[in-house]
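[1] how would this look folded up:
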Amino acid sequence: MTTTTALPTTGQSPTRAWVLLLLAAALEIIFALSTGASEGFSVLWPSLIAIIAVIGSIIFLTRALKTLDVGVGYTVWTGIGSVGTVLMGVAIFDESLSLAEIGCFVLIIGGVIGLQQSDRKPKIATPSVEAAPVTMAVRCGGTAALPVTER
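    Next comes the predicted model:
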């Protein structure tokens, strides 16, 4: 007889998991920007902001991954963090951005959106195999316990 096993529930909706993931990505951007401004962790406030942001980012990512697939969640987190850091670097630090870089970031954004959309598809449950009960018995004259299947 074949049965399906449901995945354990986390008590968290997928929407909440995605919100947590977006918060984690926003903190990842703050971490990256403040790390750059900390000048090798020699300036106090940017260094403290970087440390707090990375801890918060990891906490929110961990909570989001209780519901989301690790591959999807981590990839979206790093993609948003990467693109967001570049865009904020351009806006805040007046960094330059080439046409090729813009094209690559468009591809990353498309991949992030694709992964988010693919996570909405229903998962196919894998069948579990029911094992026949096995008892252990010692056979006379034998030196080891051999499994005996009851029928």
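
[2] Pull out the buried positions in stretch 28-46.
    Within stretch 28-46, the residues that count as buried by 16 or more other CB atoms under 10 Å are 28-36, 38, 46. Just so you know, the C-beta spots here come from the backbone N, C-alpha and C atoms, and that holds for glycine as well.

[3] okay, who's weakest in those residues by pLDDT?
    Looking at the buried residues of stretch 28-46 by pLDDT, the weakest one is Gly36, with 91.

[4] Which helix or which strand is home to it?
    helix 14-37 (DSSP states H and E).

[5] angle of whatever helix or strand comes next after that helix against helix 14-37?
    Note on helix 14-37: by DSSP H and E, the next helix or strand toward the C-terminus is helix 44-64. Going by axes from the mean of the first three to the mean of the last three CA atoms, to 10 degrees, helix 44-64 is angled at 160 degrees with respect to helix 14-37.

[6] buried set for the following helix or strand past helix 44-64?
    Following helix 44-64 in sequence order, the next helix or strand is helix 70-93 (DSSP H and E). For helix 70-93, burial by neighbour count (16+ other CB under 10 Å) applies to 72-73, 75-77, 79-86, 89.

[7] can you give me the angle helix 70-93 makes with helix 14-37?
    Interaxial angle, helix 70-93 versus helix 14-37 (the same axes, to 10 degrees): 40 degrees.

[8] other SSEs contacting helix 70-93?
    Packing contacts for helix 70-93, counted by 3 or more CB pairs under 8 Å, 6 or more residues apart in numbering; DSSP states H and E, involve helix 14-37, helix 44-64, helix 99-118.

[9] Give me whichever of those is most buried.
    For the helices and strands packed on helix 70-93, average neighbour numbers computed from mean count of other CB atoms under 10 Å are highest in helix 14-37, which has a mean of 19.

[10] In the protein, what helix or strand scores lowest on average pLDDT?
    strand 2-4 (a mean of 46; mean pLDDT, DSSP states H and E).

[11] so how far does stretch 62-72 reach from one end to the other?
    End-to-end distance for stretch 62-72, by CA to CA, to the nearest Å: 13 Å.

[12] returning to that earlier point: columns pLDDT and distance to Glu95 on top of the buried residues of helix 70-93, output as TSV?
    Output for these, formatted as TSV (pLDDT from 0 to 100; distance: CB to CB, whole Å):
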residue	pLDDT	distance to Glu95
Val72	91	29
Gly73	93	28
Thr75	92	24
Val76	93	24
Trp77	96	22
Gly79	92	19
Ile80	94	18
Gly81	95	16
Ser82	93	14
Val83	92	13
Gly84	94	13
Thr85	94	10
Val86	93	8
Gly89	92	4
